[in-house]
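Trainee: Got a predicted structure plus its sequence, pasted below:
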Protein chains: 2
Amino acid sequence: MAHEQALTQLETLLGDRLRRSDAERAAHGQNEAHFPDALPDAVAYPKTTEEVAAIMRIAHAEAMPVTAYGTGTSLEGHHLPVQGGLTLDLSLMNRILAVHDADMDVVVQPGVTRTQLNDELRATGLYFPIDPGADASLGGMAATRASGTMAVRYGTMRENVLALEAVLADGRVIRTGSRARKSSSGYDLTHLLIGSEGTLGIITELTLKLHGQPESIVAATCRFPTVEDAVNCVITTIQTGIPMARIELVNATMVRGFNRASNAGMPEEPHLFLEFSGSETAVEEQSAMFEEIAADFDAQDFKRATRMEERNALWAMRHNGHHASKALYPGKRILATDVCVPISQLAEAVTAAEGKARELGLEPVIVGHVGDGNFHTGIGFNREDPAELAMIETFSAHLAETALRLGGTVSGEHGIGLGKRKYMEAEHGPALVPMRAIKAAMDPKGILNPGKLLP
Amino acid sequence: MAHEQALTQLETLLGDRLRRSDAERAAHGQNEAHFPDALPDAVAYPKTTEEVAAIMRIAHAEAMPVTAYGTGTSLEGHHLPVQGGLTLDLSLMNRILAVHDADMDVVVQPGVTRTQLNDELRATGLYFPIDPGADASLGGMAATRASGTMAVRYGTMRENVLALEAVLADGRVIRTGSRARKSSSGYDLTHLLIGSEGTLGIITELTLKLHGQPESIVAATCRFPTVEDAVNCVITTIQTGIPMARIELVNATMVRGFNRASNAGMPEEPHLFLEFSGSETAVEEQSAMFEEIAADFDAQDFKRATRMEERNALWAMRHNGHHASKALYPGKRILATDVCVPISQLAEAVTAAEGKARELGLEPVIVGHVGDGNFHTGIGFNREDPAELAMIETFSAHLAETALRLGGTVSGEHGIGLGKRKYMEAEHGPALVPMRAIKAAMDPKGILNPGKLLP
């Protein structure tokens, strides 16, 4: 068996928190997307930074690949140990270490999930707004530079991580950043680790910015004759400067999925799902301004949800989009693409996605965080059918090219992982040279999540 | 003469835009702070990215140091070519390349200054709010991760640069980021270059986020019995969540400087200088809330400045603080320290600064962007007097230690440059190892601004 010597040392270190059963390996080798399963040789469950450091020292000495694992919700195969070795499951590192309410920050271990954190924070009047839908771990969210529905107002993980602790490839423990709100001291290793997908270090602690729970929150929906009308309404709304808390596009196909999966009983037309937050007067002002703009784009059925239960039901339905898509494609997996463009190019990008899908005979789900210029196209496929795999490949490549042609990026929030390495050259060109140099400098043996991010 | 071969090649490339006169060299070897002058062998004035790339190819081949120069307003000696070689003066690269008002971004060359940019933007209804006081170049501001009075509302350069073009040590031209508002594609080279102080690459183009000019702006001042009262008022204001546009501390000594330098006629007591912005109702709401908080801390003389001329005069006076300090210390230079702490620690940090200054027999100017936990202590000194140099060294070291002890950073916005390299080990410890590895990977010959940032 590969890496036998390293694994024996790890067993001594971790006892029964090193698992080598087929069931454990299989559970950590699956994925939601279209990638073949890839199993680790073993799964380690560290509880402390010191244990992660000891694990990395062993892995480094034995040149064993190490792949970090949060909740396994990646859509780009980040957590798949394609070169075997060790999966580092961080789910036992799930303690909230300190809440500094006066400074509006919190220190957490990487296995804490976002709903766990917000449950803990409820009494403080503060919350952590970044919400990618899945109840992901905060370490995984930082590692993939995640965002989601609230990014239009609060930014992404990029804007909401103040400081990190990380274990490097050789087991060295570093701290980056501080609890000060700003700093001009040294290279920004915090942002280098955010989005590095476990290829430069293992995040073992995060200091996150918190935000005040808004005094008033109103969710709303309205429907539009066409996706283009909805998108153009979004563009005008953002350009007008209305500080939207959420503004999400849902096309007619997605609404059909909601109706099937959760009996939503909605008219099967394109919708925007919205949220306004702030003081009561601010919320009134914002929603009135929005309604006026929406009317110019022939919006109808502006419905408000003010009670928390109604709002939660609305966003639960939206977050369930990936699963609701499966109701449209029984027995199939869902490709969930992810591109982001400057907002002025959003209508063209969405139209191009729809056009290409129709050309391929597909009826795609389109949903997205359109206030940021970010949207997803969902297409059902059979992972066992080479023709269908080729078809989603063609579609994805077209969308990536379109995003780059319009001045955008091949991933707004899902990351590169395995699936998008092939577009890295087109997006970054010569900038891949320093990226590779940094990877080689920080992980000379190439043991941290090998086979991901860099082509 | 050193680097003769390289300089001859540069003369062929640039003609009279390579300057070797004593006057040019002296003008680029001065500094505002306490560092000895350091002269380059020559000064180059490139006009295009291609010229910067050609210069770097020559410098790289001949192992000649290259130090980028914006407007020379650094307070930490960033622009001093302490190992000689070439100063790259970017002032001729001062074109605004594209204003995308629909996307609220702008593409500029690095020599564009912030007032030049905002003058150009006036008609669009958009502006670039980052305001470090000096009319610095935007390339220099990015390279030092600058911020200033508006950071409490809009963030720093870290939050407001979307994309960069840079020339690496070997002359390779890279682009980082894109005009999309977010991305999960690849290592965040944009943030690695921001704050890298010209040691990893030369920034040759910046894409910056713009913001809507607020509908209404009101500036205000009020005075407090003690600095502690003023600071505690700031802490409560920030914790209450009032979205301050600016909130600046000015101690009694600074007010005396304003009175001497510009006949301000202000009571010589601690003040806060404030700005509220937003819709008219929001501004009213915010300033009323602030006045209520301030009253709890015995504030008096709450004075509003609504007309643009009054507001501009107020901020011009504040920005002139460094020069007004000189009126208090005739014939001397001013040490302007710069630390940043979590806001809950601000009162303790300011008190420690005052205490240490009094212990040394000094009466310091204290000003700062206190909404971020960032403040400056100004002390006059004679650069020719070793005892006074030792004294400011003692004071600075105490303040740096205090900031780190309180969970902060040795520089909130001025950067490391020459002056703060000695504190890098204390602040970053083992994180210096990857910082050095990255520097070595990206600039193996050590030609980019040698002697800065890393100890």
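Mentor: It's in. It should be emphasised that the depicted structure is a prediction, and the values quoted were computed from it without experimental measurement.

Trainee: The closest residue to residue A:86 other than its chain neighbours - how many residues pack around it?
Mentor: The shortest distance from residue A:86 to any non-neighbouring residue, by Cβ to Cβ, 6 or more residues apart in numbering or on different chains, is to residue A:66 (4.9 Å). C-betas here are computed from N, CA, C, even on glycine. If you count neighbours by other Cβ atoms under 10 Å in any protein chain shown, residue A:66 ends up with 27.

Trainee: Show me what residue A:66 bridges to in the sheet.
Mentor: On the basis of DSSP bridges, residue A:66 is bridged to residue A:86, residue A:448.

Trainee: so who does it touch?
Mentor: Taking Cβ atoms under 8 Å, 6 or more residues apart in numbering or on different chains as the contact definition, residue A:66 lies against A:55-56, A:59, A:85-88, A:202, A:447-449.

Trainee: just those residues now: which is nearest residue B:290?
Mentor: Minimum distance to residue B:290 across the contacts of residue A:66 is 44.0 Å, recorded for residue A:202 (Cβ to Cβ).

Trainee: how close does the closest one sit to residue A:110?
Mentor: As judged by Cβ to Cβ, to the nearest Å, residue A:202 and residue A:110 stand 8 Å apart.

Trainee: re earlier: would you turn the contacts of residue A:66 into a markdown table with neighbour count and pLDDT?
Mentor: Converted to a markdown table, those look like this (neighbours: other Cβ atoms under 10 Å in any protein chain shown; pLDDT from 0 to 100):
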| residue | neighbour count | pLDDT |
| --- | --- | --- |
| A:55 | 25 | 98 |
| A:56 | 26 | 98 |
| A:59 | 26 | 98 |
| A:85 | 24 | 98 |
| A:86 | 28 | 98 |
| A:87 | 29 | 98 |
| A:88 | 30 | 98 |
| A:202 | 29 | 98 |
| A:447 | 22 | 98 |
| A:448 | 27 | 98 |
| A:449 | 28 | 98 |
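
Trainee: residues near the closest residue to residue A:305 other than its chain neighbours, how many?
Mentor: Closest residue to residue A:305 apart from its sequence neighbours, by Cβ to Cβ, 6+ apart: residue A:219 at 4.3 Å. Here the count is done by other Cβ under 10 Å, and residue A:219 has 24 residues near it.

Trainee: Distance from the chain centre to stretch A:126-140, please.
Mentor: For stretch A:126-140, the separation from the chain centroid amounts to 9 Å (computed by Cα atoms, centre = their mean, to the nearest Å).

Trainee: That stretch spans what distance, first to last residue?
Mentor: Counting by Cα to Cα, to the nearest Å, the length from the leading to the trailing residue of stretch A:126-140 is 22 Å.

Trainee: How about stretch A:135-155?
Mentor: Chord length of stretch A:135-155, first to last residue, is 18 Å (Cα to Cα).

Trainee: buried set for that stretch?
Mentor: By neighbour count with 16 or more other Cβ atoms under 10 Å in any protein chain shown, stretch A:135-155 contains the buried residues A:136-155.

Trainee: same deal with stretch A:218-226?
Mentor: Buried residues in stretch A:218-226, counted by 16+ other Cβ under 10 Å: A:218-224.

Trainee: hmm, who's touching that stretch?
Mentor: Stretch A:218-226 is touched from outside by A:230, A:233, A:246, A:266-267, A:269-277, A:283, A:287, A:290, A:294, A:297-306, A:310-311, A:314-315, with contacts defined as Cβ under 8 Å, 6+ apart.

Trainee: Near residue A:441, how many other residues are there?
Mentor: If you count neighbours by other Cβ under 10 Å, residue A:441 ends up with 18.

Trainee: Now do the host helix or strand of it and helix B:432-442, the angle between them.
Mentor: Secondary-structure element containing residue A:441, defined by DSSP states H and E: helix A:432-442. Taking axes from the mean of the first three to the mean of the last three Cα atoms, to 10 degrees, one finds that helix A:432-442 is oriented at 140 degrees with respect to helix B:432-442.

Trainee: I'd like the distance from helix A:432-442 to the chain centre, please.
Mentor: With Cα atoms, centre = their mean as the basis, the distance from the averaged C-alpha position of helix A:432-442 to the chain average is 24 Å.

Trainee: which helices and strands does that helix pack with?
Mentor: If you count contacts as 3 or more Cβ pairs under 8 Å, 6 or more residues apart in numbering or on different chains; DSSP states H and E, helix A:432-442 packs onto helix A:424-428, helix B:189-193, helix B:432-442.

Trainee: hey, which helix is longest across chain A?
Mentor: When chain A is scanned for its longest helix (criterion: DSSP state H), the result is helix A:386-405.

Trainee: check the buried residues of stretch A:135-155 against chain B, which are close?
Mentor: Within the set of these, contact with chain B (Cβ under 8 Å from any Cβ of the partner chain) is found for A:144-147, A:151, A:155.

Trainee: wait, which of the residues you listed is closest to chain B?
Mentor: Closest approach between these and chain B, by Cβ to the nearest Cβ: residue A:145, at 4.4 Å.

Trainee: give the contact list for the closest one.
Mentor: Applying Cβ under 8 Å, 6+ apart, the residues near residue A:145 are A:156-158, A:194-195, A:413, A:415, B:182-184, B:188.

Trainee: among those, which two are most distant?
Mentor: Farthest pair in the contacts of residue A:145, by Cβ to Cβ: A:413 and B:188, 13.9 Å.

Trainee: neighbour-wise, which of the two wins?
Mentor: Higher neighbour count among residue A:413 and residue B:188: residue A:413, with 29 against 24, using other Cβ under 10 Å.

Trainee: Setting aside sequence neighbours, what's the nearest residue to the more buried one?
Mentor: For residue A:413, ignoring the flanking residues on the chain, the nearest one in space by Cβ to Cβ, 6+ apart is residue A:147 at 4.5 Å.

Trainee: quick one, what contacts the one you found?
Mentor: For residue A:147, the set of contacting residues under the criterion of Cβ under 8 Å, 6+ apart consists of A:130, A:132, A:155-157, A:369, A:372, A:374, A:412-413, B:182, B:184.

Trainee: Please repeat the previous calculation with a cut-off of 7 Å.
Mentor: A:130, A:132, A:156-157, A:369, A:413, B:182 (Cβ atoms under 7 Å, 6 or more residues apart in numbering or on different chains).

Trainee: got a pLDDT number for residue A:330?
Mentor: You'll see residue A:330 listed with a pLDDT of 89.

Trainee: Quick check: it vs chain B, distance?
Mentor: Noted for residue A:330: a distance of 30 Å to chain B, by Cβ to the nearest Cβ, to the nearest Å.

Trainee: still on that earlier bit, how far away is the residue nearest to residue A:305 from chain B?
Mentor: Distance check for residue A:219 against chain B: by Cβ to the nearest Cβ, it reads 21 Å.
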